[in-house]
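S.K.: predicted model and sequence follow; I will ask about them next.
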Amino acid sequence: MTDWLTPEEWQAVALSLRVSLVATLFSLPLGIFVAYALARWRFPGHGLLNGLVHLPLVLPPVVTGYLLLLTFGRTGWIGGFLDGWFGLVFAFRWTGAALAAAIMAFPLMVRAIRLTIEAVDPKLEAAASTLGASRPWVFATITLPLILPGILAGSVLAFAKAMGEFGATITFVSSIPGQTQTMPSAIYALLQVPGGEAAVGRLVVIAVVIAMGALLLSEWIGRMVARRVGGA
Amino acid sequence: MTDWLTPEEWQAVALSLRVSLVATLFSLPLGIFVAYALARWRFPGHGLLNGLVHLPLVLPPVVTGYLLLLTFGRTGWIGGFLDGWFGLVFAFRWTGAALAAAIMAFPLMVRAIRLTIEAVDPKLEAAASTLGASRPWVFATITLPLILPGILAGSVLAFAKAMGEFGATITFVSSIPGQTQTMPSAIYALLQVPGGEAAVGRLVVIAVVIAMGALLLSEWIGRMVARRVGGA
Amino acid sequence: EEVVVFAAASMKTALDDFAAKWETETGNTVTISYAGSSQLARQIMQGAPADIFISANSGWMDEVEKSGLVKDGRRRDLLGNSLVLIAHGRDAGQVDIAGDFDLAGLLGEGKLAMALVDSVPAGQYGKAALEALGIWGQVAPSVAQADNVRAALRLVSVGEAPYGIVYATDAAADENVTIAGTFPENTHPPIIYPAALLRGADAAADEAFYQALSGEAARASFEAQGFRMLD
Amino acid sequence: MSLAVSLKHRFGTFRLDVDFEAPAGVTALYGRSGSGKTTMVNAVAGLLKPDAGIVSVDGVTLTDINAGLFVPPHKRRIGYVFQEPRLFPHLSVRSNLIYGARFAGLQDEREFDRIVGLLGIGTLLDRRPSKLSGGEKSRVALGRAILSKPRLLLMDEPLAALDEARKAEILPYFERLRDETGLPILYVSHSPAEVARLATTVVLVEDGRVAAIGAAAEVFSDPGAAHALGLREAGAVLTARIEAQEADGLTRLSTSAGPLLLPAVNGPPGTMVRVRLLAQDVMLATDKPSGISALNVLPARVRDIREGEGPGALVRLEAGDEIILARITRRSASALDLAPGRSVHAILKAVSIARESVGEI
Amino acid sequence: MSLAVSLKHRFGTFRLDVDFEAPAGVTALYGRSGSGKTTMVNAVAGLLKPDAGIVSVDGVTLTDINAGLFVPPHKRRIGYVFQEPRLFPHLSVRSNLIYGARFAGLQDEREFDRIVGLLGIGTLLDRRPSKLSGGEKSRVALGRAILSKPRLLLMDEPLAALDEARKAEILPYFERLRDETGLPILYVSHSPAEVARLATTVVLVEDGRVAAIGAAAEVFSDPGAAHALGLREAGAVLTARIEAQEADGLTRLSTSAGPLLLPAVNGPPGTMVRVRLLAQDVMLATDKPSGISALNVLPARVRDIREGEGPGALVRLEAGDEIILARITRRSASALDLAPGRSVHAILKAVSIARESVGEI
Ligand SMILES: Nc1ncnc2c1ncn2[C@@H]1O[C@H](COP(=O)(O)OP(=O)(O)OP(=O)(O)O)[C@@H](O)[C@H]1O
Ligand SMILES: Nc1ncnc2c1ncn2[C@@H]1O[C@H](COP(=O)(O)OP(=O)(O)OP(=O)(O)O)[C@@H](O)[C@H]1O
Ligand code: MOO
Ligand SMILES: [Mg+2]
Ligand SMILES: [Mg+2]
């Protein structure tokens, strides 16, 4: 296998996996929260928040990457703050790649979850509240389990998007082998090379296999969940 | 206004709007069909179709664009066929940009619609069938209206994504001012020259305003629909 | 020790080749991030941990230098390249690129693939050349602009566009295209790849690699890909 | 043969295994919660594909698993009032109501107005189902099924959510459906009064099986079925003819057991009606009583006495061609020295016969 | 004062405007479909914020719109059996049942087993709600609310989907809840039998307003309320004391009106019970009858006679300290020459008094 891809390419595969997993898992709680807020609450900044969430979709990825560089970069105001207070550095680290992937994938995740939240019958939540469950309990024991399909779908979308994200990532954290060179960056670099197509093909196959695995897993879990809830 | 952006940039704005609208509207029927098939039917190629739909998410956009070039290009097998039989040419045309945008946005659209289809209570469909409605009628009169929120969400996601799509588009149809130079292509070009930031900023603002408009419109329609169905 | 190089994507083959040689020779590690020159320049200006920057044009290097990130006197024009007209296929006919060159007639319905003519260096050089030849006006409507020169090459390579304008280095690397002609040097500004040692480079290896870029081993790698060493 | 059902189906540990045929009219499925009624109805509607079995309506086979026949629900033309309302949430009440009509062909506006009036939903037509009360929803669901002009009507507890007054308005309509249109109806109900009043045939379902089947008059006057029915609901059904509508609001009826005076039975003289006499509403006297408020005293002969486990006894009486059931205490039976062959008087109050216990034939 | 409700709310054209106070025990909301019962219950539960009004339970104010007070539902400790089951689809029956217990503190396994047994859902515990029959769902919903150990129980037609036998099992349990635990219950039902049996207080709701309110005994023996109740359901409620359980399964009771013999009333001698006598089950005789199967003949005096629009008349009788209502035909009333002050005999069959008409006090 090692001669099938160069060690550097394997590194890229491993990094992409890590970046995508971390991006998905870490953005999930916030994604659920934002989806819930957008679905259920009416508040002054509603439209703004909604727009902000969708922004990475509308902007060309390079622009998003550039904005990230300006804000989360070493000299950016959030980046500087996080570095100064928490020692958290995103610039040119794999964490930055994960941040970029998470932000790019965020609208997909939020939408999927929001759609299922909107489909939850508030009457069930009301029933839970009469049984003594406070809002957070209702959320944890009724809403959350009922929106599992959306969480699953949102996660798999986010993971897939994170696996494929290129423009924002390379613009934000560059493409440093072993540190920030994800699979798409590696593919891009290979496309610059004459005769790189074969290696590109191999990486694409790996990306596809990983994504298919994630997809099949999510479908399977989804079916288990559906069976538990027991539709028809 | 005309001196705020160059005529070429205004062209790019108009083109992006057209491309995104066409991409969204034309892919909608297929999106609904595929979402329905994935949500409701079990068939041998289920996993494959699902994977295929998600592919543009997983692959770096450049790769998708390249694959489009190979298949839908003038010399590609589908492209050659469509050109020969229907005179339908995608290469270097705005139609190609729309095709690229549609394909990139397709997974988002399908997922959103699929999620709402899965939330439709099959008991309502069964009730409609006992009232004499055949499968297609049930779909048109019960399922379709009930999944409107998903269709709306899917469309707005697709539209936003189409507005921001860059990698696949420029790889597939290049950037020909007035024909295939979309807003993201124009933005990218401006980012390549030192000092282009101001013009980038203006284009970005326009993109954001358009996308916000679409978003607000969709939220508003969604609330109308919800009020008609009468939650709470 | 580790040397971090930010280099224009079009240099990948040549630079990888040389870096590998240098690594075995010195035992140091070279880590190279390839991306568009503009992206790399911006990253360096935002504090990227790069030791050496090789840009595909002078403009972005100027920007980096202006922000004071280049070590004093540690910038030089490393490589030169030439601009060629390529045609799809292994045995396309040769053309003579001169004053009354009928490129528009040659193209017919077909497109001329170039990099972005107002922003990507290869495209800017190409546009300048066509203007100098006085045919930009006729050709402009047929130009398909790609986001980088490799993408322009690819358009010709797969036959989507019959002709394209790329660097000689790119043309040499692709079997599916033929160089139909070379643009005279005087039709466009000199094509220069400047290299610079950056402020953050404090290891000995950084300096060594910067120096070695002009060495004989480097020359072999670069020239094999069609670059011209500038001294 | 209007309806022939033979089904085998398994849901986890529950097994349905029923086989019955019912003539035209209303066939009531009566049985305890979880006994399999809805499962049967679903199979008839084509919403459930049973493991094995046959369903045929009016000689048309709709399901025959062995023969590989399974007509899809929308081609069955079966109206189904589900146990829960199942209204279409995105449609107004009006659109819900006319949903089926478009598939059944022309809409009949007068029929629409009639049903809407009967169900008292005229003021709700432009509302969405989510803004209806529980009983309003179930009324709309009822109207929707009826207006789809089915050739068989399935009703799963259609009146469970309604008040007595509304029930009293709707029951006569069901009778008319049954009698005037000849529409066969499969009717699930927990209310013996409804069943006895409407049903031509009663199917007692117990634990996925048919425990008893027969004409309503038979099943309800069968002391053996009294247990499955619930003792309080045992009773006989008499056939009567309206003789006259009297000035004080009473109706004079004749039966082969003798004349009956009942409060306001609608219909012109000559109309045949069915009268349900609950066993517990019948009192027995050995001497003909006098100075008593009960208007109806029928001479009868004891056919048999069946003593239950409790303090009661069911006495079956012959009166004319009719069978009358009386439920009294064992103590009274022995005090009166009742025995087969003994002549007695069956006493019943005019007002004891509930309106819903009298229906047209 | 156990429950004080004063509400104003508007839904489109529907206006709710009610104001009543009810003592401890079961308060029944009785009224036609769409009259506003569920709306009232929702406001008590805190699921609906009324436009104006006050709700207080046992002296604790839960809602006071003017004062800006609105205790959220989860802090009210009110168990609510909804009109539709509303089970949690992702939880097993068992988890549905114990859902509320975790918030109420310790679970009581014996109580759990008792409720599960009473409701007959022991074999369903591991199933999902989607695999239950209609009646099974409503039983689980009932169990879920009861097991949440509420301090007020709201029940919106909890027994509508259940068969008679199951109802007969559950009703005594409700009585015990009312009597032993003192749990106040707000009970919506369309069944006058249920209401009369359980209710301490009856609130008649008509079109968003309280049409009548009072002790069950009063409302049901008030000839004026008979119309709102449905004539067939008018009747009196007697207070009785169990004297002896006799060998043949009958129970001997004493009332101030005289002795009564009824089938199997549970309880040791000395227990006080309430007996509901439907007006239509009471026969009147001027002479003391003999040779008759009815075991109970009570001497009484006519207090008043109210003639209805139809052929019937409601006769209010005084017997001891009790009021008894008898519904007879006008024709009988004049045939017997009934008039206020006249002495008569009220005749009632032992078996006419349905089990669900007798309840402990
Ligand atoms: N969300 C709503 N919007 C508008 N009208 C409503 C809404 N909810 C209920 N109503 C109306 O308010 C009235 C009272 O409804 P409610 O549910 O309280 O009736 P109910 O007495 O419980 O009737 P049922 O016995 O049929 O359940 C009805 O006429 C109903 O149509
Ligand atoms: N999908 C299912 N999976 C497993 N068991 C089921 C399923 N549906 C119904 N059952 C079981 O089958 C039996 C019959 O159910 P059915 O719904 O026919 O009862 P029913 O007679 O209509 O009862 P009810 O009067 O309570 O509505 C019940 O014991 C129920 O638990
Ligand atoms: O440095 Mo590039 O790859 O020609 O933009
Ligand atoms: Mg059922
Ligand atoms: Mg209600």
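M.R.: Done, it's in. Ligands and ions are numbered 1, 2, ... in the order given.
S.K.: CA only for contacts and neighbour counts going forward, please
M.R.: OK.
S.K.: which bits of chain A sit near chain C?
M.R.: Within chain A, the positions near chain C by C-alpha under 8 Å from any C-alpha of the partner chain are A:69-70, A:73-76, A:91-92, A:170-177, A:181, A:189, A:191-195.
S.K.: how about a cut-off of 6 Å?
M.R.: When proximity is defined as C-alpha under 6 Å from any C-alpha of the partner chain, chain A approaches chain C at A:171, A:175, A:176, A:192, A:193, A:194.
S.K.: any idea how many residues pack against residue C:26?
M.R.: Residues lying near residue C:26 (other C-alpha atoms under 10 Å in any protein chain shown) number 12.
S.K.: and residue A:124, by the same measure?
M.R.: With other C-alpha under 10 Å as criterion, residue A:124 counts 17.
S.K.: and residue D:66, by the same measure?
M.R.: That count, for residue D:66 with other C-alpha under 10 Å as the rule, works out to 11.
S.K.: do residue C:204 as well
M.R.: Close neighbours of residue C:204, defined as other C-alpha under 10 Å, add up to 11.
S.K.: rebuild the residues of chain A next to chain C as CSV, extending it with pLDDT.
M.R.: CSV is the format used below for the residues of chain A next to chain C (pLDDT from 0 to 100):
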residue, pLDDT
A:171, 89
A:175, 88
A:176, 87
A:192, 81
A:193, 77
A:194, 73
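S.K.: out of those residues, grab the one that's most surrounded.
M.R.: Neighbour counts for those, by other C-alpha under 10 Å, peak at residue A:175, which reaches 32 neighbours.
S.K.: helices along the chain, start to end?
M.R.: Picked chain A for this. Applying DSSP state H to chain A gives helices spanning A:7-40, A:46-58, A:61-72, A:77-86, A:94-119, A:122-130, A:135-138, A:144-146, A:148-164, A:167-173, A:183-191, A:197-229.
S.K.: meant chain D, my bad for not saying
M.R.: Remark: helices assigned in chain D by DSSP H are D:37-45, D:93-98, D:101-104, D:109-119, D:134-147, D:164-176, D:192-198, D:216-221, D:223-229, D:330-335.
S.K.: indicate which one of those is closest to ligand 2.
M.R.: Proximity to ligand 2, assessed across the helices of chain D by C-alpha to the nearest ligand atom, is greatest for helix D:37-45 (3.5 Å).
S.K.: excluding sequence neighbours, find me the nearest residue to residue D:83.
M.R.: Nearest residue to residue D:83, sequence neighbours excluded (C-alpha to C-alpha, 6 or more residues apart in numbering or on different chains): residue D:156, at 4.9 Å.
S.K.: what does residue A:22 give?
M.R.: Nearest non-adjacent residue to residue A:22 (C-alpha to C-alpha, 6+ apart): residue A:98, at 6.4 Å.
S.K.: the one you found contacts residue A:17, correct?
M.R.: No: applying C-alpha atoms under 6 Å as the test, residue A:98 and residue A:17 come out as separate, 10.1 Å apart.
S.K.: who's more crowded, those two?
M.R.: In terms of neighbours (other C-alpha under 10 Å), residue A:98 is the more surrounded of residue A:98 and residue A:17; the figures are 28 against 20.
S.K.: what about stretch D:17-29, distance to the chain center?
M.R.: Centre-to-centre, stretch D:17-29 and its host chain are 12 Å apart (C-alpha atoms, centre = their mean, to the nearest Å).
S.K.: could the C-alpha coordinates of that stretch be exported in CSV?
M.R.: Output of stretch D:17-29 as CSV, limited to C-alpha atoms (Å, rounded to 0.1, in the frame of the first residue of the first chain):
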residue,chain,number,x,y,z
ASP,D,17,-57.1,-15.6,12.5
VAL,D,18,-60.6,-14.8,11.4
ASP,D,19,-63.1,-16.1,8.9
PHE,D,20,-66.5,-14.7,8.4
GLU,D,21,-69.1,-13.8,5.9
ALA,D,22,-71.7,-11.1,6.4
PRO,D,23,-74.8,-10.1,4.4
ALA,D,24,-75.5,-6.6,3.2
GLY,D,25,-76.2,-4.0,5.9
VAL,D,26,-74.1,-3.0,8.8
THR,D,27,-71.6,-5.5,10.1
ALA,D,28,-70.4,-4.6,13.5
LEU,D,29,-67.0,-5.6,14.9
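S.K.: is any part of that stretch close to ligand 2?
M.R.: No: shown here: stretch D:17-29 not in contact with ligand 2 (C-alpha under 6 Å from any ligand atom), separated by at least 8.7 Å.
S.K.: wondering if that stretch reaches chain E at all.
M.R.: No: on the criterion C-alpha under 6 Å from any C-alpha, stretch D:17-29 is out of touch with chain E, staying 12.2 Å away.
S.K.: mind listing what's buried along that stretch?
M.R.: Residues of stretch D:17-29 classed as buried by neighbour count (16 or more other C-alpha atoms under 10 Å in any protein chain shown): D:17, D:18, D:21, D:22, D:24, D:25, D:26, D:27, D:28, D:29.
S.K.: ditto for stretch D:4-17
M.R.: Under 16+ other C-alpha under 10 Å, the buried positions of stretch D:4-17 are D:4, D:5, D:6, D:7, D:8, D:9, D:16, D:17.
S.K.: now that stretch, how far from the centre of its chain.
M.R.: Centroid separation between stretch D:4-17 and its chain, computed with C-alpha atoms, centre = their mean, is 24 Å.
S.K.: same deal with stretch D:318-330?
M.R.: Using C-alpha atoms, centre = their mean, the offset of stretch D:318-330 from its chain centre is 21 Å.
S.K.: show me what that stretch is in contact with.
M.R.: Stretch D:318-330 is contacted from outside by D:235-236, D:256-257, D:279-280, D:282, D:300-301, D:311-317, using C-alpha atoms under 6 Å, 6 or more residues apart in numbering or on different chains.
S.K.: ok, now with 8 Å
M.R.: D:221, D:234-238, D:255-258, D:277-284, D:298-303, D:307, D:311-317, E:248, E:263, E:293-294, E:349-351 (C-alpha atoms under 8 Å, 6 or more residues apart in numbering or on different chains).
S.K.: got the domain ranges for chain D?
M.R.: What automatic domain parsing lists as the domains of chain D is D:3-214, D:235-360.
S.K.: and of those domains, who's closest to residue E:206?
M.R.: Ranking those by proximity to residue E:206 (C-alpha to C-alpha) places domain D:3-214 first, at 12.2 Å.
S.K.: next one: phi and psi at residue D:132?
M.R.: The phi/psi pair for residue D:132 (degrees, to the nearest 10) reads phi -110, psi 160.
S.K.: what's the neighbour count on the nearest residue to residue D:97 once chain neighbours are set aside?
M.R.: Of all residues not flanking residue D:97 in the chain, residue D:144 sits nearest, at 4.3 Å (C-alpha to C-alpha, 6+ apart). Counted with other C-alpha under 10 Å, the neighbours of residue D:144 add up to 28.
S.K.: contacts only, for residue D:144.
M.R.: Contacts of residue D:144 by C-alpha under 8 Å, 6+ apart are D:96, D:97, D:98, D:99, D:100.
S.K.: so what's the closest residue to residue C:13 other than its chain neighbours up against?
M.R.: Nearest residue to residue C:13 in three dimensions, chain neighbours excluded: residue A:193, at 5.9 Å (C-alpha to C-alpha, 6+ apart). Neighbouring residues of residue A:193 by C-alpha under 8 Å, 6+ apart: C:10, C:12, C:13.
S.K.: can you tell me the helix or strand for the second one?
M.R.: With elements taken from DSSP states H and E, the one containing residue C:12 is helix C:12-26.
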